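Asker: quick one, fold the following:
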Amino acid sequence: MAILLRLLKFLGLFVLVLAVIYAIGRPTQKWLDDSYSGVREPYLQMMSPTAVTLRWQSEKAFAGVVRYGLKPDQLTKTQTETDTGEEHEIRLSGLRPATKYFYSVGDGVKNQFKGKDFWFKTAPIANQKSNEPVRFWVTGDQGYPNIIQTQVRDAMLSWVKQNPRSTKNKPALDFWITTGDNAYRSGSNDQFQAGFFEPYKSILRNTPVWPTYGNHDARRWVFFDIFSFPTKAESGGVASGSEHYYSFDYANIHFVMLDTQDSSLDSDDDMLSWLKKDLQQTKQQWLITFFHHPPYTKGSHDSDNSSDSGGRLGKVRETVLPLLEQAGVDLVFSGHSHMYERSDLINCHYGESSTFNKNMVRSTSKNNSYKKKANTIAGNSGTIYTVIGSSSKVDMGPLNHPAMPHSLREAGSMIIDVTKNKLSAFFINNKNKVKDQFEIIKNVKDGVTTQSCSAA
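Answerer: Numbers count the residues shown, from 1 in each chain. All right, here's what the predicted structure looks like:
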């Protein structure tokens, strides 16, 4: 009995020691994961017609200075930080819409980065009747630094060079959006440097990035520290008051970014309550939405499996999709499944794959050209759903979801071109081949009209 008591006492002491180590270790590990010691080149955030946020990192602490102007050798305006540190963040305001600016960053005495390669172009004025052509890049789960990531990046750069934009003086890309998992495997600051900021640094210095929050990003604490988000509607839309979800406008497009990882997906909670308000106010011609967890997939994840990803795939389908479709969403991007999957123009499918039927398909097309009658967003007129999760790795899966007939076990990314009433999409694999493409054209007399879900 005495031996047993001594053993229990020892075990109790052992558990106490472990608890102390854990209590001390958690903040220490958090600090280590939050920290990156080194140089991080400039990257652009929260672009609008009259403002942009510039971020970068230096090895030594100082108050950052941005000089900017219309020519690389005439940087006549200056903005200075109020705080001193290695991480730098400066918001430039009072800019001209749709205008190219050159910039340098440094400490006010020595420029850390400068020259003709450091520039940005502000967004055009947002308007549903805008004639401004828009081209943006979409990647998904691209945060794993390897040869596939490099190939996908270089294939896109080669494709846009071979397919230049019709309008002169336009950058190769207006902006870049991800579908999440921006750094593998656990989203530490060092992993963001290796898997995101280093391989894409030449793109980031000119191209604003809007990253989606993924489950690997959520494994540590740095995502919301290293990126800046328009919580006060600085780039359009309705103020969300949260970095987890927000919206922005660009030319004639309204973009909605949702957090399907950590935010509640219940209809009466904060995110979806905000979503309803935001969707009600937009008058744009196009509506595009991004989030990480796909409502339809049979790739490396299964949207029919209620335990997959904590049931969030099914929850997105049940609570988010009805709101988006009623508001007239044209195109939805997600990631998470490391494949490429795409639907036709569909509507009203909120159950498991076995409940999908032909009445939910609003339009199919042999030449992948989908037509809508309305010239702007129109409720329940059909949505194309895409899964882009193969920008740095490709996994296995049956790819047999009936709602996603255009599916490929291919690495790649997507380029979207929008001009007036026409949206064109190109899935470019890591060998610079267009393996899928489609278009949506609005204001077509015999195009798809609105249809209630009771008819599906």
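Asker: quick one: low-confidence parts of this protein?
Answerer: 1-33 (pLDDT under 70).
Asker: quick check: domain ranges of it?
Answerer: Taking automatic domain parsing as the domain assignment, the ranges for the chain are 40-121, 134-455.
Asker: hey, which of the ones you listed is tucked in deepest?
Answerer: The highest average neighbour count among the domains of the chain, using mean count of other Cβ atoms under 10 Å, belongs to domain 134-455 at a mean of 20. C-beta coordinates here come from the backbone N, C-alpha and C atoms, glycine included.
Asker: that one spans what distance, first to last residue?
Answerer: One end of domain 134-455 to the other measures 35 Å (Cα to Cα, to the nearest Å).
Asker: quick one: contacts for the closest residue to residue 87 other than its chain neighbours?
Answerer: Using Cβ to Cβ, 6 or more residues apart in numbering and skipping the chain neighbours, the partner closest in space to residue 87 is residue 57 (5.3 Å). By Cβ atoms under 8 Å, 6 or more residues apart in numbering, the contact set of residue 57 is 36, 38, 39, 40, 86, 87, 88.
Asker: circling back: okay, the domains of the chain in CSV with distance to residue 127 next?
Answerer: As requested, those are arranged in CSV below (distance: least, Cβ to Cβ, whole Å):
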stretch, distance to residue 127
domain 40-121, 10
domain 134-455, 6
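Asker: am I right that residue 42 sits in a strand?
Answerer: Yes - the assignment for residue 42 is a strand, going by DSSP: H, G, I helix; E, B strand; the rest coil.
Asker: touching, it and residue 118? I think so.
Answerer: Yes - under the criterion of Cβ atoms under 8 Å, residue 42 makes contact with residue 118 at 6.7 Å.
Asker: shared neighbours of these two, anything?
Answerer: Joint contacts of residue 42 and residue 118 (Cβ under 8 Å, 6+ apart) are 103, 105, 205.
Asker: dihedrals phi and psi, the most centrally placed residue in the chain?
Answerer: The residue lying closest to the centre of the chain (Cα atoms, centre = their mean) is residue 178, at 3.1 Å. Note on residue 178: backbone dihedrals following degrees, to the nearest 10 are phi -110, psi 160.
Asker: OK, contacts around it?
Answerer: Here residue 178 is in contact with 138, 139, 140, 142, 209, 210, 211, 212, 335 (Cβ under 8 Å, 6+ apart).
Asker: can we see that at 6 Å?
Answerer: 139, 211, 212 (Cβ atoms under 6 Å, 6 or more residues apart in numbering).
Asker: contacts for the stretch of helix or strand residue 151 belongs to, please.
Answerer: Per DSSP states H and E, residue 151 falls inside helix 147-162. Residues from elsewhere that reach helix 147-162, judged by Cβ under 6 Å, 6+ apart: 172, 391, 392, 411, 412, 413, 428, 430, 432.
Asker: ditto for stretch 343-360
Answerer: 304, 317-318, 321, 325, 361-364, 370, 380, 382, 384-385, 401-404, 453, 456.
Asker: could you pull out the helices for the stretch 51-200 of the chain?
Answerer: 147-162, 189-192 (DSSP state H, counting those that start in this stretch).
Asker: the stretch 301-450 of the chain too?
Answerer: Using DSSP H, counting those that start in this stretch, helices in the stretch 301-450 of the chain cover 312-315, 321-327.
Asker: make JSON lines from those and add distance to residue 265 to it.
Answerer: Formatted as JSON lines, the helices of the stretch 301-450 of the chain follow (distance: least, Cβ to Cβ, whole Å):
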{"stretch": "helix 312-315", "distance to residue 265": "4"}
{"stretch": "helix 321-327", "distance to residue 265": "11"}
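Asker: out of those helices, which is closest to residue 168?
Answerer: helix 321-327 (35.3 Å; Cβ to Cβ).
Asker: using PDB, write out every CA atom in the closest one.
Answerer: The C-alpha trace of helix 321-327 is given here as PDB (Å, rounded to 0.1, in the frame of the first residue of the first chain):
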ATOM      1  CA  LEU A 321     -24.500  28.300 -50.600                       C
ATOM      2  CA  PRO A 322     -28.200  29.200 -50.400                       C
ATOM      3  CA  LEU A 323     -27.300  32.800 -49.400                       C
ATOM      4  CA  LEU A 324     -24.800  33.100 -52.300                       C
ATOM      5  CA  GLU A 325     -27.100  31.700 -54.900                       C
ATOM      6  CA  GLN A 326     -30.000  33.800 -53.800                       C
ATOM      7  CA  ALA A 327     -27.800  36.800 -54.200                       C
END
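Asker: starting at the chain centroid, how far to that helix?
Answerer: On the basis of Cα atoms, centre = their mean, to the nearest Å, helix 321-327 sits 19 Å off its chain's mean C-alpha point.
Asker: how about residue 294, secondary structure?
Answerer: coil.
Asker: tell me what the residue nearest to it when sequence neighbours are not counted is bridged to.
Answerer: Once flanking residues are discounted, residue 294 sits nearest to residue 334: 3.9 Å by Cβ to Cβ, 6+ apart. Taking DSSP bridges, one obtains residue 387 as the residues bridged to residue 334.
Asker: wait, what's in contact with residue 334?
Answerer: 179, 291, 294, 387.
Asker: widest-spaced pair of those residues?
Answerer: 291 and 387 (11.2 Å).
Asker: helix or strand for the closest residue to residue 94 other than its chain neighbours, just tell me which one.
Answerer: Using Cβ to Cβ, 6+ apart and skipping residues adjacent in sequence, the residue nearest residue 94 is residue 50, 6.4 Å away. Assigned by DSSP H and E, residue 50 falls within no helix or strand.
Asker: got the phi/psi numbers for residue 50?
Answerer: Torsion angles, degrees, to the nearest 10, at residue 50: phi -120, psi 10.
Asker: got a list of what residue 207 touches?
Answerer: Counted by Cβ under 6 Å, 6+ apart, residue 207 has contacts 173, 176.
Asker: neighbouring contacts of stretch 39-49?
Answerer: Taking Cβ under 6 Å, 6+ apart as the rule, stretch 39-49 contacts 52-57, 59, 97, 105, 113, 120, 122-123, 125, 197, 201, 204-205, 208, 228, 230, 234-235.
Asker: scan the protein for its longest strand.
Answerer: In the chain, with assignment by DSSP state E, the single longest strand is strand 52-62.
Asker: does residue 277 touch residue 237 like I think?
Answerer: No - using Cβ atoms under 6 Å, residue 277 is not in contact with residue 237; the gap is 9.6 Å.
Asker: first to last residue in stretch 406-416, what's the distance?
Answerer: End to end - Cα to Cα - stretch 406-416 spans 17 Å.
Asker: and if you look at stretch 76-90?
Answerer: Note: stretch 76-90 ends 16 Å apart using Cα to Cα.
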